[in-house]
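Asks: fold the following for me, if possible:
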Amino acid sequence: MVNKKPNKLTKRWVKNTVALESGGPDWEVKLGRQDSLTASQKDADDIMPSPRANASYLIDLFRKFNLSAKDLVALSGSHSIGKGRCFSIVFRLYNQSGTGRPDPAIDPIFRENLDKLCPRGGDGNVTGGLDATPERFDNQYFKDLMNGRGFLNSDQTLFTYPKTRQYVRLFARNRDEFLKAFVEGMIKLGDLQSGRPGEIRQNCRVVNSRPVDELM
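Replies: Purely as a prediction, here's the structure:
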């Protein structure tokens, strides 16, 4: 949340232009947010969902942070840009749920392309687009999910699961609705705090300088 203590930053906003050059939205970001004093790989691992996650698990995870199923689907739309590693999907291609078979939700032609990109025993660091237009922030991601062409299991499950399918269809049909919901979700994310001691950083990349004994 925005820091409530008197500070010249607390009532100011900055314009977030992330993804703008790729066709995405911008939004105002509150200044005065308190960032962590330390970093924890375990905390990150506990919060970040696995590419194997299903929609039911994702809904429960997001609910812990007061984020709705609609927020989940909209924020997953960040996968409109970027790439994923073969390491994250080989189980879908060759051993979904321990069956020794591919995920039946994958479009057959799309699966053939993924088989070529990510052959069994191949280089797990090879990457593929998270949607058909990985350099454009658009709603193609949702159209791909409707056609069984989600790259990650955690993406495709949003369409196979009834509680999230309606939002996939909505955003595939209406780009403006997606962008609006995405911005709303990002603002909610920006207001989340861990409840642990924090600070308003002078440089967002590093903690503020202070005596060593103060950090212990």
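
Asks: okay, Pro211: pLDDT?
Replies: The model reports Pro211 with a pLDDT of 51.

Asks: nearest the middle, which residue of the chain would you pick?
Replies: Ser76 (4.7 Å; C-alpha atoms, centre = their mean).

Asks: isn't it right up against Thr157?
Replies: No. Look at Ser76 against Thr157 with C-beta atoms under 8 Å: they stay out of range, at 9.8 Å. Just so you know, the C-beta spots here come from the backbone N, C-alpha and C atoms, and that holds for glycine as well.

Asks: what segments of the protein are strands?
Replies: 13-16, 27-30, 35-36, 83-85, 127-129, 198-199 (DSSP state E).

Asks: could you dump those to CSV with mean pLDDT?
Replies: Formatted as CSV, the strands of the chain follow (pLDDT from 0 to 100):
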stretch, mean pLDDT
strand 13-16, 57
strand 27-30, 80
strand 35-36, 82
strand 83-85, 97
strand 127-129, 97
strand 198-199, 86
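
Asks: wait, which of those is closest to Lys180?
Replies: strand 27-30 (10.2 Å; C-beta to C-beta).

Asks: next, the buried residues of that closest one.
Replies: By neighbour count with 16 or more other C-beta atoms under 10 Å, strand 27-30 contains the buried residues Trp27, Lys30.

Asks: equivalent analysis for stretch 127-145, please.
Replies: Going by 16+ other C-beta under 10 Å, stretch 127-145 has these buried residues: 127-134, 136-145.

Asks: got the CA coordinates for that stretch in CSV?
Replies: Extracted in CSV, the C-alpha atoms of stretch 127-145 (Å, rounded to 0.1, in the frame of the first residue of the first chain):
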residue,chain,number,x,y,z
THR,A,127,12.2,-21.0,-26.1
GLY,A,128,8.9,-20.5,-27.8
GLY,A,129,6.4,-17.7,-28.0
LEU,A,130,3.8,-17.6,-25.2
ASP,A,131,1.3,-16.8,-27.9
ALA,A,132,1.2,-16.3,-31.6
THR,A,133,2.3,-12.6,-31.3
PRO,A,134,4.9,-12.7,-28.6
GLU,A,135,6.2,-9.2,-29.3
ARG,A,136,2.7,-7.6,-29.3
PHE,A,137,0.6,-6.9,-26.2
ASP,A,138,-2.8,-7.8,-27.5
ASN,A,139,-5.6,-10.3,-26.8
GLN,A,140,-4.2,-13.0,-29.2
TYR,A,141,-3.2,-14.9,-26.1
PHE,A,142,-6.9,-15.5,-25.2
LYS,A,143,-7.7,-16.4,-28.8
ASP,A,144,-5.0,-19.0,-28.7
LEU,A,145,-6.3,-20.5,-25.5
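
Asks: and Val207, how far is that from Leu31?
Replies: Here Val207 is placed at a distance of 17 Å from Leu31 (C-beta to C-beta, to the nearest Å).

Asks: likewise Phe171?
Replies: 30 Å.

Asks: Lys83 now?
Replies: For Lys83, the distance to Leu31 - C-beta to C-beta - is 32 Å.
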